[in-house]
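the following comprises the amino acid sequence and a computationally predicted model.
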Amino acid sequence: MFRSATATALASLFLATSAIAESGPVVVELFTSQGCSSCPPADRIMQDLANRDDVIGLALHVDYWDYIGWEDEYADPTHTERQRSYAGNSGRTVIYTPQMVVNGQQDIVGADTAKLDYLIGGHSKAAPLASVSASRTGDNVTVDVSSISLPPDQVYDIRVVQYTPMRHASIRRGELAGQELDYANVVEAWTVAGQWDGTAPKTYKVSLTSGLPAVVLVQGVGHGPIIAAARVR
């Protein structure tokens, strides 16, 4: 179920954002829906990404296809809001599924593994701007961030994201009626531990809402570039 989107030259996208880098794994967010007939191939790619050490894959189920016959049981309107913010940052008004966003900066329509591998490789080779690490004791997480080469006058959200590694759905209505589908790294909860201006190392503490695994994203305020990410150990 592709919806129209502005096509942008891949090389231009990378050159425009080559100054942005991450510390640690590259973050790939998949905006998907159980009501989207074109989404299963992208959902299967997310299953592969979930097994990679160099990538943090997150599946964000959106709610705007619920009206066509099947309500996505994992959908969250805040995921739709996040996708709209990414679109706005890119000068677009249209959102669609499936869409992958790499490090909060560049997007891929559908399940284009060649473009995805190209972008992951480019971000993996870029010099990091900041570092982040996180440790967990029970439901309490401690996050440490420090600057490597951050630009001045920038503010970042310290986001802690929890997800379920694998979920299954039996689709009974809509475009995927009758299918049994698996979804990897389904996002369940978001917490903003605080904001950071990057001028000095800082420690944040946050209590999680469940025992699910978690990752930390250091991301420009307003759903900007993700400059560092780490799994919570």
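Looks like it arrived, so ask away. Numbering: from 1, shown residues only.

number of nearby residues for Thr93?
Residues lying near Thr93 (other Cβ atoms under 10 Å) number 8. Where C-beta positions appear, they are placed from N, C-alpha and C, glycine not excepted.

name the helix or strand for the closest residue to it other than its chain neighbours, please.
Nearest residue to Thr93 in three dimensions, chain neighbours excluded: Ala87, at 6.6 Å (Cβ to Cβ, 6 or more residues apart in numbering). Here Ala87 sits within helix 77-89, counting by DSSP states H and E.

for that helix, what is the average pLDDT?
Averaged across helix 77-89, pLDDT comes to 97.

same check on stretch 169-184?
96.

endpoints of it, how far apart?
11 Å (Cα to Cα, to the nearest Å).

model confidence for Tyr156, exactly?
For Tyr156, the pLDDT comes out at 98.

now it. Its backbone dihedrals?
As for Tyr156, its main-chain torsions (degrees, to the nearest 10) stand at phi -130, psi 140.

isn't it right up against Lys202?
No. Here Tyr156 does not reach Lys202: they are 10.2 Å apart, not a contact under Cβ atoms under 8 Å.

the two - which one has more neighbours?
Tyr156 (24 against 16).

skip the chain neighbours and tell me the closest residue to Gly178.
The shortest distance from Gly178 to any non-neighbouring residue, by Cβ to Cβ, 6+ apart, is to Ile171 (6.8 Å).

against Lys205, how distant is the residue nearest to the spatial centre of the chain?
Centroid-nearest residue in the chain: Glu29, 2.9 Å away (criterion: Cα atoms, centre = their mean). Glu29 sits 25 Å away from Lys205, going by Cβ to Cβ, to the nearest Å.

same question for Tyr183.
Distance from Tyr183 to Lys205, counting by Cβ to Cβ: 31 Å.

which one of those two has more residues nearby?
Tyr183 (25 against 10).

just to check, the more buried one is in contact with Tyr163?
No. Judged on Cβ under 8 Å, Tyr183 makes no contact with Tyr163 at a distance of 10.2 Å.

can you pull out the strands in the chain?
26-32, 55-61, 99-102, 106-109, 130-137, 140-147, 156-170, 180-196, 202-207, 214-220, 226-231 (DSSP state E).

export the ones you listed as TSV, with columns for distance to Ala42.
As requested, these are exported to TSV (distance: least, Cβ to Cβ, whole Å):
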stretch	distance to Ala42
strand 26-32	6
strand 55-61	9
strand 99-102	7
strand 106-109	9
strand 130-137	27
strand 140-147	29
strand 156-170	15
strand 180-196	11
strand 202-207	30
strand 214-220	20
strand 226-231	19
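
look up how far Ala169 lies from the residue of the chain positioned farthest from its centre.
Most distant from the centre of the chain: Gly178, at 28.3 Å, with distances by Cα atoms, centre = their mean. Distance of Gly178 to Ala169, given as Cβ to Cβ: 12 Å.

was I right to think Leu119 contacts Gly104?
No. Using Cβ under 8 Å, Leu119 is not in contact with Gly104, being 11.8 Å away.

no more questions from me, cheers.
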